[in-house]
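Asks: Sharing a model prediction with you, sequence too.
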Amino acid sequence: MISFNSEKLIFKLDTPNTSYVFGVEDKDKYLIHYYYGKRISGDDVRFLAVPDERALPSLNKRDKLSFLDCAPYEYPTKGVGDFRTPALSVKNEKGNEAAELFYDSHKIIKGKTVKGKLPGTFGETADVLEVVLKDPVLDLTVILRYGVFNDVDAITRSVIVKNESDKPLTLTRVLSLSLDTDDRDYELITLYGSWARERTIDRKPLRHGHQGVSSMRGITSHQEHPFMALVTPDTTQRTGDVYGFNFVYSGNFDASVYLNQFNFSRVTLGINPEGFEWKLDPGAEFDSQEAVMVFSDEGLGRMTRTFHDLYRNHLIRSPYKNRKRPILINNWEATYFDFNTEKLLSIAKQASKSGIEMLVMDDGWFGNRFDDNRALGDWNVNEEKLPGGLKYLVDEVNKLGLKFGIWMEPEMVSPDSDLYRAHPDWAIQIEGREAGLARNQYVLDLTRSEVLEHTWRSIKAVMDSANIEYVKWDMNRPLADIGSKGLDKEHLGEFYHRYVLAVYELQNRLVTQYPDLLLENCSSGGARFDPGMLYFSPQIWCSDDTDAVERLSIQEGTAIVYPLSSMGAHVSDCPNHVLGRTVPFETRGHIALAGTFGYELDITRIPEEDKNMIPKQVEMYHKYNDLVREGDYFRLASVRENGIYDSWMVVKKDKKECLVTFVGVMNRPNYKPFKIRLEGLIPDKLYKDEDTGKEYYGDILMNAGITINRFHGDARSALIHLKCE
Ligand code: GLA
């Protein structure tokens, strides 16, 4: 709910359990932030931010800078005396970099729709506040947009900047969110990693000055992630105050906290200003993309469940979002590049007998792609491997009762490809400098319309050639050597953002033209796992690390923000190809069950014992997927913290059913059973353990816990399914 106190000029944004309050300083028309946190009554909390009227710049011109340097500015600008991190920076024709914004007007809109083709949250249960600010010197209009959800504790922020003058301006920084907090001690949680180790949780106390995470790779990246949370030191899964922030974007980002001289921190989030400039011609406007804020006074768990609900109900659009996904088998770890129709059909045949529902043909089916050194860009079928082409293969797979899915990496070109030989200048490069290769490939300059149109035609030709029901859209290298034949000196700073817009354009065409398609994004594993991508694909490949033990931490870090239904997770072969570790087949199944679930192994060659377990796992998936996909997720224990075991549970929205997963990762001599305290149940209801028939009250399960016997061996797991009437 959004309210405006017209007498005191105060805006109050309420979600079911949180309030966000800011207002217009009467004399100066500055927009000042007052409060964000647990829901409060009333709105007049101006005293929190402006304790002394005399401090206002209009009354005290001599000390205007002292005011600006510590005022909790709602959307801070660069160049006029706020020396902390700015959210906006604008250069005029003469090269001066300064902007100062004053309140002009506002509008409250019922319902939140998505503008154009760009990702964003939406919902009839949300209202939008647009606050119009103006810089009279630049003739610049800045619209602050707040999306306020009435069914989930989330508020979105974005900014539209319009040049109303008759001279061009250059934007050098347009962040989506700035939030000045109070002076409590906070700790900062971020996600870091590498290839095969994505989204590891990192938590450190704030220190004075700048800190944060960012990407300059043109993609979200394995290394850092556009999520951060400020938490009070007492924060656990169940307790503590948590401010969570996430950026709905898939390119360079910057997420920062600046702790100032008075121990107040400023949180900023948006497109990375490094490597960014945007020329704003007279009359033109720029959209910052959307950032999400979530406040929880009940620890990290509550924040997580809020993000999950927001993304499941108000971001993911795919028709699959509320549907069970077909259980797939992917041939990447089974065959790598060494496959043909016969091999794929032998996998499909065995898979169909085991209840698997879709065959996904990964990399290596096109051009002369016999290894990863060639052929990206040549999206015509390799008839040596697949005689009769795609159509024959897909028809045969369909005859076996399986759907068919395909891998593509549309943004790339190999130097050894017909496409590159015909159009060497289509690869991103700086004239006169040899562009660097990564995985022996270049990135196509999708900011050029002829390259984008060609890429779209290639995708479409593949899609139309057979009954393709799933696409794995991969992206296997970062962007570097930024240059473009399509952008002159004045517009080259727009490259990174234009590239992301081009990817969104292509994915939007794909899901619009093929509305029933199941799209899975991927980027060398999980380097583009972000809310921007979720807008197009309901699931994203989480990591190339399919080792089940490593997956515990990767999936824990991913699920801190993203719903389980979006995490691409497969049972793969052992010894694991990344780590050489062997984990029992049953455990691999239990851990993949926490994501989309599927297989990535040569089903014709795995041990008989494992093969025989697949139909049971298929049954398990069908039994539990509705619950896993739609329920509330609770993190119960983390092997990252205790070194021994990991556990999580999913509770049905009506609280009458839950599934607990427990993994004893590292066995230690100890004869007492594990005891795990459950969450989210109805205290006075009697829950029955489906396996043992034993019954327990919800309150005993939550306050004392359930016992789990020690396993013999490492990486052993158990599922506990409880239900009440
Ligand atoms: C990336 C993906 C893998 C696989 C390969 C194919 O690394 O993450 O799953 O598709 O590319 O080259």
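Replies: Ah, there it is. Numbering: from 1, shown residues only.
Asks: show me the contacts for D691.
Replies: Each residue near D691 by CB atoms under 8 Å, 6 or more residues apart in numbering is listed here: 720-721. Every C-beta, even on glycine, is put in place using the N, C-alpha and C of the backbone.
Asks: Pretty sure it sits in a helix.
Replies: No: counting by DSSP: H, G, I helix; E, B strand; the rest coil, D691 is not found in a helix; it is coil.
Asks: which phi and psi does it have?
Replies: The phi and psi values for D691, taken as degrees, to the nearest 10, are phi -80, psi -50.
Asks: contacts for the helix or strand bottoming out on mean pLDDT in the chain?
Replies: Sorting the helices and strands of the chain by mean pLDDT, DSSP states H and E puts helix 64-68 at the bottom, at a mean of 86. If you take CB under 8 Å, 6+ apart as the criterion, helix 64-68 is touched by 55-57, 60, 80-82.
Asks: And for stretch 268-275?
Replies: By CB under 8 Å, 6+ apart, stretch 268-275 touches 85, 87, 89, 172-179, 214-216, 226, 228, 245, 247, 249, 251-258, 288-289, 291, 482, 493, 496-497.
Asks: With stretch 228-239 instead?
Replies: Residues beyond stretch 228-239 that count as contacts (CB under 8 Å, 6+ apart) turn out to be 181, 184-190, 203, 205-206, 212-213, 240-245, 255, 257, 265, 267, 269, 298-301, 303, 634-636, 679.
Asks: List buried residues within those residues.
Replies: The neighbour count (16 or more other CB atoms under 10 Å) marks 181, 186-190, 206, 212-213, 240-245, 255, 257, 265, 267, 269, 298-301, 303, 634-636, 679 as buried among these.
Asks: Among the contacts of stretch 268-275, which lie within strands?
Replies: 89, 172-179, 214, 226, 228, 245, 247, 253-258, 291 (DSSP state E).
Asks: Just list the residues touching the closest residue to T558 other than its chain neighbours, thanks.
Replies: Leaving aside its sequence neighbours, T558 sits nearest to R199 (CB to CB, 6 or more residues apart in numbering; 5.0 Å). Going by CB under 8 Å, 6+ apart, R199 touches 191-193, 225, 526, 529, 554, 557-558, 560.
Asks: Could you do T558 as well?
Replies: 198-199, 526, 529, 542, 567.
Asks: in the chain, what spans have low per-residue confidence?
Replies: By pLDDT under 70, the low-scoring segments of the chain are 116.
Asks: Run through the residues of it sitting next to the ligand.
Replies: Within the chain, the positions near the ligand by CB under 6 Å from any ligand atom are 332, 362-363, 372, 407, 474, 476, 522, 524-525, 541, 544.
Asks: What segments of the stretch 501-650 of the chain are strands?
Replies: For the stretch 501-650 of the chain, strands defined by DSSP state E, counting those that start in this stretch occupy the ranges 518-521, 539-541, 567-568, 571-572, 598-600, 632-637, 645-651.
Asks: Who are the packing partners of the fourth one?
Replies: Contacts of strand 571-572 with other secondary structure elements, assessed using 3 or more CB pairs under 8 Å, 6 or more residues apart in numbering; DSSP states H and E, are made with helix 585-592, strand 598-600.
Asks: what do you get for the longest one?
Replies: Contacts defined by 3+ CB pairs under 8 Å, 6+ apart place strand 645-651 against helix 548-559, strand 632-637, strand 657-664.
Asks: Serialize these to JSON lines and add fields for distance to T692.
Replies: Output for the helices and strands packed on strand 645-651, formatted as JSON lines (distance: least, CB to CB, whole Å):
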{"stretch": "helix 548-559", "distance to T692": "25"}
{"stretch": "strand 632-637", "distance to T692": "19"}
{"stretch": "strand 657-664", "distance to T692": "13"}
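Asks: Looking at these, which is nearest to D610?
Replies: helix 548-559 (13.0 Å; CB to CB).
Asks: Buried subset of the contacts of helix 64-68, written for ChimeraX?
Replies: Listed next is the ChimeraX selection for buried residues among the contacts of helix 64-68, using 16+ other CB under 10 Å:
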select :56,57,80,81,82
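Asks: Filter the contacts of helix 64-68 down to the ones in helices?
Replies: With helices defined by DSSP state H, no entry of those lies inside them.
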